[in-house]
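>>> coordinates only, sequence not included:
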């Protein structure tokens, strides 16, 4: 089976969609990434990443109900698919395996 790889930002966005559990849309994903990582991201960057993840089959979207706060416009809500969930599990497993390979003294501060 051919594996689709995720870039770092795609991984962060996909993780945030999973964390938001059905309540993820561009603005909330942007705000949560900034809050949890301290990384400033634009809505456009997040939106483009969500669309790319949807094209790859890692998330799916549907329109939520219209809200007064958005002038009656509907939000596009994103949810992680089974493929996206599997990709996150694979990434976590790979990272854990790689961390286990780091020699114990490698990451100690050298005092420089």
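Received it, and whenever you're ready, just let me know what you need. Just so you know, these numbers come straight off a predicted model, no measurement behind them.

>>> Beyond the lowest-mean-pLDDT helix or strand in the chain, next helix or strand please.
For the chain, using mean pLDDT, DSSP states H and E, the weakest element among its helices and strands is strand 59-66, scoring a mean of 87. Beyond strand 59-66 in the direction of the C-terminus, DSSP states H and E gives the next helix or strand as strand 74-80.

>>> which secondary structure elements does that following strand contact?
helix 8-20, helix 43-56, strand 59-66 (3 or more Cβ pairs under 8 Å, 6 or more residues apart in numbering; DSSP states H and E). Any C-beta I mention is one placed from the backbone N, CA and C, and that applies to glycine too.

>>> Pull out the buried positions in the longest helix along the chain.
For the chain, the longest helix by residue count, based on DSSP state H, is helix 82-101. Across helix 82-101, burial judged by 16 or more other Cβ atoms under 10 Å covers 84, 87-88.

>>> With stretch 45-53 instead?
46-47, 49-50, 52-53.
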